[in-house]
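**Student:** Below are the sequence and a predicted model for it; my questions follow.
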Amino acid sequence: MKNILVSGGAGFIGSHLCTRLINEGHKVICLDNLFTGSKENIAHLEGNSRFEFVQFDVENPYESDVDEIYNLACPASPIHYQYDAIKTIKTSVLGAINMLELAKNTKAKILQASTSEIYGDPVVHPQVEDYWGNVNPIGIRSCYDEGKRCAETLFMDYHRQNGLRIKIIRIFNTYGPRMLPNDGRVVSNFVVQALKNQDITIYGSGKQTRSFQYVDDLIEGMIRTMNTDDEFIGPVNLGNPHEFSILELAEKVIALTNSKSKLIFKPLPHDDPKQRQPDITLAKAKLGWEPTIELDEGLRHIIEYFKEYQS
Ligand code: NAD
Ligand code: UDP
């Protein structure tokens with residue numbers, strides 16, 4: 001049994017990670033300021049004596065004796081991370097420093113939940129880990145993209161300077177139960193709109209692409225990454241390499257929900273990446289990992305979730 005800290009543990013991905021770690025028999029401390037996370041997401045863990053929730057902002061230093069840290073604290077949806085851009089950068093950068101200091105003091109292993117956004121609007125396709133990216137440093141997405149890039153830098157510098165045992169994963173678009181119905185991300189938006197027979201909002205032409213990963217596949221990849229030997233630090237892409245246009249996604253969601261929704265077209269947000277697809281050769285080789293849940297199956301799960309959520 002290990003003592004494991006999950007920052008951002010009351011969020012969408014964090015709550016699935018905490019659940020998996022508790023089910024494996026570990027002790028889990030979940031740190032979260034509840035900005036986009038909620039107590040409902042972790043309600044099923046609250047009675048467990050191995051689970052502790054601490055309402056806490058990672059902008060501040062935290063002390064505890066832990067063996068492993070998963071650093072997930074950071075809003076991930078564009079509308080949430082742009083709501084208070086300065087706060088988003090502080091969360092990414094100061095949060096990384098505070099979690100790295102904790103790892104240094106307790107000699108814990110630490111994993112950073114980085115993102116495909118560090119590739120920006122990529123000109124290398126599919127994205128490989130040694131691609132440095134194409135990020136606008138002064139745009140509306142920069143608070144998130146550059147905050148996450150700086151966090152990766154900090155992880156590498158703590159590793160080089162202090163010998164910390166680190167892991168960096170770059171997560172590609174992930175969806176599943178416990179996404180907020182109003183968080184603005186495309187899968188949750190489309191499913192909620194389709195279930196209500198409301199217009200489906202396509203931003204731009206809908207020809208831009210994303211590669212969607214079901215949350216259970218990601219959690220498996222995160223645990224496998226943490227459990228690799230100390231030599232392997234990443235960064236490693238974790239995503240589903242099957243790429244879809246946003247129009248294709250909308251058509252699938254309408255078909256799977258038997259919805260009467262119509263497509264409507266809205267302006268494309270600034271700096272919206274045109275394409276995104278992970279090259280997962282490294283993850284396959286080092287983790288023996290690849291996604292097992294394809295889009296149709298994953299969409300059925302999240303459709304069921306939102307049907308129950310709304311009833
Ligand atoms: P989320 O918004 O559901 O979860 C983020 C959690 O962090 C929330 O519970 C929130 O309350 C908490 N948080 C935010 N600021 C905090 C602070 N200052 N102190 C403490 N807690 C704070 O988002 P998610 O989709 O679960 O994303 C989790 C992590 O994975 C994020 O770091 C995100 O950047 C990364 N990620 C997610 C995706 C995706 O597609 N979901 C893709 C790439 C990377
Ligand atoms: N998008 C869309 N309609 C929506 C929400 C998003 O067409 O209602 C588009 C968005 O412009 C982007 C893609 O879907 O091209 C993925 O958006 P999301 O915010 O989910 O993730 P990210 O842009 O961070 O990959």
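**Tutor:** Yes, it's here. Since the structure is predicted, the reported quantities are computational estimates derived from the model, not experimental observations. Ligands and ions are numbered 1, 2, ... in the order given.
**Student:** Tell me where the model's unsure across the stretch 201-311 of the chain.
**Tutor:** Scanning the stretch 201-311 of the chain for pLDDT under 70 picks out 311.
**Student:** now the strands for it?
**Tutor:** When secondary structure is read from DSSP state E, counting those that start in this stretch, the stretch 201-311 of the chain shows strands at 209-211, 213-214, 236-238, 243-245, 263-266.
**Student:** Can you lay out the ones you listed as JSON lines showing distance to ligand 1 and mean neighbour count?
**Tutor:** C-beta here means a position set from N, CA and C on the backbone, and glycine is covered the same way. What follows is the strands of the stretch 201-311 of the chain, written out as JSON lines (distance: least, Cβ to the nearest ligand atom, whole Å; neighbours: other Cβ atoms under 10 Å):
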{"stretch": "strand 209-211", "distance to ligand 1": "9", "mean neighbour count": "21"}
{"stretch": "strand 213-214", "distance to ligand 1": "8", "mean neighbour count": "24"}
{"stretch": "strand 236-238", "distance to ligand 1": "9", "mean neighbour count": "27"}
{"stretch": "strand 243-245", "distance to ligand 1": "15", "mean neighbour count": "17"}
{"stretch": "strand 263-266", "distance to ligand 1": "21", "mean neighbour count": "12"}
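**Student:** Tabulate the ones you listed (a markdown table), appending distance to ligand 2.
**Tutor:** Shown next, in a markdown table, are the strands of the stretch 201-311 of the chain (distance: least, Cβ to the nearest ligand atom, whole Å):
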| stretch | distance to ligand 2 |
| --- | --- |
| strand 209-211 | 5 |
| strand 213-214 | 12 |
| strand 236-238 | 14 |
| strand 243-245 | 9 |
| strand 263-266 | 7 |
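**Student:** Distance to L299 for these - can I get that in JSON lines?
**Tutor:** Output for the strands of the stretch 201-311 of the chain, formatted as JSON lines (distance: least, Cβ to Cβ, whole Å):
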{"stretch": "strand 209-211", "distance to L299": "13"}
{"stretch": "strand 213-214", "distance to L299": "9"}
{"stretch": "strand 236-238", "distance to L299": "19"}
{"stretch": "strand 243-245", "distance to L299": "11"}
{"stretch": "strand 263-266", "distance to L299": "17"}
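**Student:** dump the residue contacts of the residue of the chain positioned farthest from its centre.
**Tutor:** Most distant residue from the mean C-alpha position of the chain: K260, 30.9 Å away (Cα atoms, centre = their mean). Counting by Cβ atoms under 8 Å, 6 or more residues apart in numbering, K260 touches N197.
**Student:** What does it show for phi and psi?
**Tutor:** phi -100, psi 10 (degrees, to the nearest 10).
**Student:** burial of the residue in the stretch 201-311 of the chain positioned nearest to ligand 2, as a residue count?
**Tutor:** Distances between the stretch 201-311 of the chain and ligand 2 by Cβ to the nearest ligand atom are smallest at Y203, namely 3.5 Å. Neighbour count for Y203, taken as other Cβ atoms under 10 Å: 15.
**Student:** partners of it in the sheet?
**Tutor:** With DSSP bridges applied, Y203 shows beta-bridge pairing to K266.
**Student:** Show me what from this structure comes close to ligand 2.
**Tutor:** Proximity of the chain to ligand 2, by Cβ under 6 Å from any ligand atom, involves residues 78, 173, 185-186, 189, 201-203, 208, 210, 246, 268-269, 272.
**Student:** Any quick PyMOL command for the buried ones out of these?
**Tutor:** Selection of buried members from the residues of the chain next to ligand 2 for PyMOL, criterion 16 or more other Cβ atoms under 10 Å:
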select buried, resi 78+173+185+186+189+201+202+208+210+246
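**Student:** just the residues of the chain next to ligand 2 now: which is nearest ligand 1?
**Tutor:** Ranked by distance to ligand 1 (Cβ to the nearest ligand atom), these are led by N173 at 4.7 Å.
**Student:** Distance of that closest one relative to N237?
**Tutor:** Separation of N173 from N237 (Cβ to Cβ, to the nearest Å): 12 Å.
**Student:** Name the residues contacting each of the two.
**Tutor:** S116.
**Student:** tell me which of the residues of the chain next to ligand 2 is nearest to V135?
**Tutor:** For the residues of the chain next to ligand 2, the residue nearest V135 by Cβ to Cβ is D272; the value is 13.0 Å.
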